[in-house]
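> how would this look folded up:
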Amino acid sequence: CSSVLVCCCVLVFAFLPHTVVSQEQAEVEFDAKPNGQTSHARATLSDFACAFEFAVVGGTNEQWFVTAEKSDEGEISCIIQRPEQASYLYFMSFKVTGEGDAVNQIQYATFWDNNESLEEGKAFTVDGLTVLPGPSFANSIAKIEIVFK
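Numbers count the residues shown, from 1 in each chain. The predicted structure is shown next:
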């Protein structure tokens with residue numbers, strides 16, 4: 001009986017959207033669909049949210065994650081990434097924003113395409129609590145990490 005109950009629970013949980021939340025981390029899995037339409041993904045802690053807005057074309061649906069984290073030292077970060085695989089999507093646009101009373105400025109932002117870390121001011125820009133494409137953004141994203149104060 002217990003093995004049947006465990007199998008039923010596993011099957012039920014397999015069909016729920018994947019969201020991991022703890023006191024210090026919220027992680028949301030989302031599909032980046034290459035339909036050219038603006039899409040949104042958001043991870044929320046009690047006093048902070050990381051919002052990712054994007055539009056992509058090319059490739060096929062890809063599994064991505066947006067994560068909001070607060071360290072034991074109070075450092076707050078936002079990470080958007082496609083873990084373990086290169087992305088074949090063409091990002092027509094993107095915007096990452098930190099929201100909430102817990103943050104008032106970006107300490108630093110790091111941006112990667114499939115090959116390397118890219119330079120702020122060229123591939124991406126920081127405006128207040130938001131990271132946006134820069135003048136030499138080549139429409140490729142593998143990971144964005146932002147640390148807030």
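
> low-confidence stretches in the chain?
1-23 (pLDDT under 70).

> all strands of it, in order?
Listed in chain order, the strands of the chain (DSSP state E) span 19-21, 25-32, 39-44, 49-57, 62-70, 76-81, 90-99, 106-112, 117-118, 124-127, 130-133, 143-148.

> contacts for the fourth one?
If I follow you right, that is strand 49-57. For strand 49-57, the surrounding residues in contact (C-beta atoms under 8 Å, 6 or more residues apart in numbering) are 32-44, 66-68, 78-80, 89-100, 146. The way it works is simple: take the backbone N, C-alpha and C, and place the C-beta from them, glycine included.

> type out the ChimeraX command that picks the buried ones from those residues.
What follows is the ChimeraX syntax selecting those of these that are buried according to 16 or more other C-beta atoms under 10 Å:
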select :32,33,34,41,42,43,44,66,67,68,78,79,80,89,90,91,92,94,96,97,98,99,100,146
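
> once you drop chain neighbours, what's closest to V28?
A43 (4.8 Å; C-beta to C-beta, 6 or more residues apart in numbering).
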